[in-house]
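Student: Got a predicted structure here, sequence first:
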There are 2 protein chains.
Amino acid sequence: MAQSHKKPPRKTLRPRKGDVAIDKAVYDAIRRAMLMGRLLPGTKLKEPALGRVLNVSRERVRKALHRLVHEGWLEAVPNRGTFVPALTIGEVREIYDVRTMLETAIVGRLCAELGTAAAQRLKAHVAEERQAVRTDDRVRLFGLSGEFHVLLAELCQNEQLTKLLRGLLTRSTMHFSLAAPERFQNCAGPHDHADIVKAILARDAKKAAKLMLDHLLGLVEMQSAWQPPPSPMRLEEAFRGIAAAKRPL
Amino acid sequence: MAQSHKKPPRKTLRPRKGDVAIDKAVYDAIRRAMLMGRLLPGTKLKEPALGRVLNVSRERVRKALHRLVHEGWLEAVPNRGTFVPALTIGEVREIYDVRTMLETAIVGRLCAELGTAAAQRLKAHVAEERQAVRTDDRVRLFGLSGEFHVLLAELCQNEQLTKLLRGLLTRSTMHFSLAAPERFQNCAGPHDHADIVKAILARDAKKAAKLMLDHLLGLVEMQSAWQPPPSPMRLEEAFRGIAAAKRPL
DNA sequence: TGAATCCAGAATGTGCACATTATTCTGCCA
DNA sequence: TGGCAGAATAATGTGCACATTCTGGATTCA
């Protein structure tokens, strides 16, 4: 305590108040890179390199990586680093199995209790998907296809359910994104979705559940057919156009 | 680079190799304190105090808190601190609603495909619960009651499902633990479990699902009746007997 | 007397400097 | 020429020293 207590060096220490925004930006950047298939399974995410590429400090990268690891997006090996996981077909099947359990129950419930507003939202969504198909807007259709399943959960008015299903959805699409990014699509097509909505609106619980089951089984089948391409990718290229912080921090 | 480069102070820096174990210990300690009802909803978990109590550095506490926050056990307010959440009855109902969707599907599947080994494990578990009731072993019954639901998931041979259900279970019991720690019990009693197992063994999917539904509804009903007691608690008392690291780090 | 303000104390957030550990490269030897 | 050992280099893990922000209480003024 009774030391010299010299003036600290303090070079460039300036923690602004907009801190959580930066954290989220880093997190989103890595997640987006994965979802866009820029990061091959087995890729090692080095903290210094990521910090350089994203223009943030290593601690920021570290925090984002920890979060992603815990969410199941990445795998961490102590004293080794953080890696992009190689999801096996079995794991993908398991995730889709859980989704089947949840989503068949969801459509069943929607058949039992469905307000006019909810029905309207369903019909509007199907119309949007049809429009996306007509204009051949692949990117938009990709987003809509995923949001359809989230919408079904939302209509149950259960926050926990929605959050859970959203996590399952992103995890189930991860393998697909990593495996075949050029074939950007979430579902086989909006046709299945339209049929499911029709069954729900007709209050046909049995048919709706069956359609949902077949739909998800079809997705698994489709994903199982793909193989991860063996072409590696540099980190700088992977994060090209995916900025976290414009100015250095 | 061309600076004086004096000898660094380095007082007591000794990062052992058993690091992840300490992290887990801190994490478990806080979680255990919550599960034992030692931490009332609204309690602020101060990092320095926790570090003192658990004999670990503040960074370790910080990491554990971050993880717990992300898992939904705690709530963090930026620049304010980390707090024990006050789960509303509505949220508890939502969690149980999700559990209902999953677990009715689980028992349905078990009725369809159930090996002899699985049937044996089910019967053994029911016997264990009955034994715990006979000897009036409350603590053991508490653990067994929770593990029953996890066991059902495990018998589906789906890792993802098991992990998910385990999370839901702990989260659904959290409110109960916080509200009424002295009434330590997971389920209304082993009687419901025995009936469910009987229906599964009889391959009666409809009855099994109905029994599970009623079982979970009963649990929600029971939890809704309780109110959180308004007696606060000091941090030192809360973590009495819940050690993270014996020796200072 | 009550409320607004300001100030001291503590708690949180974060960059940084190390120690430790893993990886790669290079030279040597079989 | 291929494999192996050791050193150099890079990456990860962690305590620490700050800056910033929040909180609680005392003081002052209407």
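Tutor: Great, that's in hand.

Student: A:Arg38 looks like it's in a strand, true?
Tutor: No - membership of A:Arg38 in a strand is not supported by DSSP: H, G, I helix; E, B strand; the rest coil, which gives coil.

Student: mind checking pLDDT for it?
Tutor: What the model reports for A:Arg38 is a pLDDT of 83.

Student: correct me, but it touches A:Ala238?
Tutor: Yes - assessed by Cβ atoms under 8 Å, A:Arg38 is found in contact with A:Ala238 at 3.9 Å. Backbone N, C-alpha and C define where each C-beta goes, glycine included.

Student: anything in contact with each of those two?
Tutor: Here A:Arg38 and A:Ala238 have no joint contacts, going by Cβ atoms under 8 Å, 6 or more residues apart in numbering or on different chains.

Student: How much space separates the most centrally placed residue in chain A from B:Gly90?
Tutor: Compute the mean C-alpha point of chain A, and by Cα atoms, centre = their mean the closest residue is A:Thr170, 3.1 Å away. Remark: distance between A:Thr170 and B:Gly90 (Cβ to Cβ, to the nearest Å) = 26 Å.

Student: Let me know whether the longest helix anywhere in chain A sits next to chain B.
Tutor: Determined from DSSP state H, the single longest helix within chain A is helix A:89-112. Yes - using Cβ under 8 Å from any Cβ of the partner chain, helix A:89-112 reaches chain B at A:Glu91, A:Glu94, A:Ile95, A:Asp97, A:Val98, A:Met101, A:Leu102, A:Thr104, A:Ala105, A:Ile106, A:Arg109.

Student: just to revisit the earlier point, the residue nearest to the centre of chain A: what's it in contact with?
Tutor: So A:Thr170 contacts A:Leu35 (Cβ under 8 Å, 6+ apart).

Student: for the record, mean pLDDT for the longest helix of chain A?
Tutor: Averaged across helix A:89-112, pLDDT comes to 96.

Student: What are the buried residues along whatever helix or strand comes next after that helix?
Tutor: Heading C-terminal from helix A:89-112, the first helix or strand you meet, by DSSP states H and E, is helix A:116-134. The neighbour-count check on helix A:116-134 (16 or more other Cβ atoms under 10 Å in any protein chain shown) flags A:Ala118, A:Leu122, A:His125, A:Val126, A:Glu128, A:Glu129, A:Arg130, A:Ala132, A:Val133 as buried.

Student: Check the closest residue to the first one other than its chain neighbours and give its pLDDT.
Tutor: Spelled out, it's A:Ala118. Nearest non-adjacent residue to A:Ala118, counting by Cβ to Cβ, 6 or more residues apart in numbering or on different chains: A:Leu155, 4.6 Å away. We have a pLDDT of 98 for A:Leu155.

Student: How about the one 3 residues further on?
Tutor: Per-residue confidence at A:Asn158 stands at 97 (pLDDT).

Student: Tell me how many other residues surround the closest residue to it other than its chain neighbours.
Tutor: Using Cβ to Cβ, 6+ apart and skipping the chain neighbours, the partner closest in space to A:Asn158 is B:Glu94 (4.8 Å). Counted by other Cβ atoms under 10 Å in any protein chain shown, the residues lying close to B:Glu94 total 21.

Student: From B:Thr88, how far off is B:Glu94?
Tutor: 9 Å.

Student: Next to chain B, which bits of chain A? Give me the list.
Tutor: Going by Cβ under 8 Å from any Cβ, the residues of chain A near chain B are A:19-20, A:63, A:66-67, A:70-71, A:78, A:91, A:94-95, A:97-98, A:101-102, A:104-106, A:109, A:158-161, A:164.

Student: redo that, cut-off 7 Å
Tutor: Neighbours of chain B within chain A, by Cβ under 7 Å from any Cβ of the partner chain: A:20, A:67, A:70, A:78, A:91, A:94-95, A:97-98, A:101-102, A:105, A:158-161, A:164.

Student: Need the buried ones from those selected in ChimeraX.
Tutor: Buried residues within the residues of chain A next to chain B, by 16+ other Cβ under 10 Å, are selected in ChimeraX with:
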select /A:67,91,94,95,97,98,101,102,105,158,160,161,164
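
Student: Chain A - how does it break down into domains?
Tutor: A:19-86+A:229-238, A:89-225 (automatic domain parsing).

Student: B:Val220: which of these is closest?
Tutor: Closest approach to B:Val220 among the domains of chain A is made by domain A:89-225 (13.2 Å; Cβ to Cβ).

Student: Let me know the secondary structure of A:Gly72.
Tutor: When the rule is three-state DSSP, A:Gly72 gets the label coil.

Student: Name the nearest residue to it, ignoring sequence neighbours.
Tutor: A:Arg171 (6.2 Å).

Student: Now name the helix or strand holding the one you found.
Tutor: helix A:159-179.

Student: quick one: the residue nearest to A:Ala118 from DNA strand C, how far?
Tutor: Distance from A:Leu155 to DNA strand C, counting by Cβ to the nearest atom of the strand, to the nearest Å: 35 Å.

Student: and that residue, what is it in contact with?
Tutor: By Cβ atoms under 7 Å, 6 or more residues apart in numbering or on different chains, the residues touching A:Leu155 are A:Leu110, A:Ala118, A:Arg121.

Student: how much space between it and A:Gly81?
Tutor: From A:Leu155 over to A:Gly81 (counting by Cβ to Cβ), the distance is 42 Å.
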